[in-house]
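Engineer: Below are the sequence and a predicted model for it; my questions follow.
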Amino acid sequence: MEKIPSFTINHEHLLRGIYVSRKDNMGNQVITTFDIRMKEPNREPAIGAGALHTMEHLAATFLRNHPQWGDQIVYWGPMGCATGNYLLLRGDLQPQDIEELMRETFRFVRDYEGEVPGAAPRDCGNYLLHDLPMAKYEAARYLEEVLEKMEEKNRVYPQ
């Protein structure tokens, strides 16, 4: 059985950043899947499940309501390895195209106060699995250490 492309990325050298994971043609549109990598795989602890779940609720809410990008958002959700998130957008895009959007998103998560959107029994399949303080911490760390200092090494997958 042939490996899928994401399993061919050298995770031993993968840094935190924003990467184009794949591009798919859907009719006459391109869907770009971004790897929003918040942790260096296998070299630092993964994001806790509660923090990642809270980040999913907050980021998805922010992105789908964004005045410029909202109509292009297809999906935001956590990676199974808990080292980041996937963002799917309509359009043939590159990491540089969404860097400011990601800074806005992670500022929103970092600064969020109040009840987590959709974190009630009727709205969420695991409403007890939320950790707002850790989501805010992880967002602040990624924002300050990666998004505000982006370099080419944080945009191009290692070979």
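Structural biologist: Arrived safely, thanks for sending.

Engineer: can you count the residues close to the residue lying closest to residue 111 once chain neighbours are set aside?
Structural biologist: Excluding its sequence neighbours, the residue lying closest to residue 111 (CB to CB, 6 or more residues apart in numbering) is residue 136, at 7.8 Å. For the C-beta atoms, the positions are set from N, CA and C on the backbone; glycine is no exception. As a burial measure, residue 136 scores 20 neighbours (other CB atoms under 10 Å).

Engineer: Would you mind listing the buried residues in the helix or strand where residue 136 lies?
Structural biologist: Element membership for residue 136, per DSSP states H and E: helix 132-145. Buried residues in helix 132-145, counting neighbours by 16 or more other CB atoms under 10 Å, are found at 132, 134-139, 142-143.

Engineer: Quick one, grab the pLDDT at the spatially closest residue to residue 73 that is not a sequence neighbour.
Structural biologist: The shortest distance from residue 73 to any non-neighbouring residue, by CB to CB, 6+ apart, is to residue 63 (4.8 Å). Per-residue confidence at residue 63 stands at 98 (pLDDT).

Engineer: Quick check: buried residues in the helix or strand residue 63 falls within?
Structural biologist: Following DSSP H and E, one finds residue 63 within helix 49-64. Of the residues in helix 49-64, 50-63 count as buried by neighbour count, 16+ other CB under 10 Å.

Engineer: now stretch 6-23
Structural biologist: Per 16+ other CB under 10 Å, stretch 6-23 contains these buried residues: 9, 11, 14-21.

Engineer: Which strand or helix spans residue 101?
Structural biologist: helix 95-111.

Engineer: So which elements touch that helix?
Structural biologist: Using 3 or more CB pairs under 8 Å, 6 or more residues apart in numbering; DSSP states H and E as the contact test, the elements touching helix 95-111 are strand 17-26, strand 29-37, helix 49-64, helix 132-145.

Engineer: let's see it at 10 Å
Structural biologist: If contacts are counted by 3 or more CB pairs under 10 Å, 6 or more residues apart in numbering; DSSP states H and E, helix 95-111 sits against strand 17-26, strand 29-37, helix 49-64, strand 84-90, helix 132-145.

Engineer: Centre of the chain to that helix, how far?
Structural biologist: Centre-to-centre, helix 95-111 and its host chain are 10 Å apart (CA atoms, centre = their mean, to the nearest Å).

Engineer: Tell me what angle it forms with strand 17-26.
Structural biologist: In terms of direction (axes from the mean of the first three to the mean of the last three CA atoms, to 10 degrees), helix 95-111 departs from strand 17-26 by 120 degrees.
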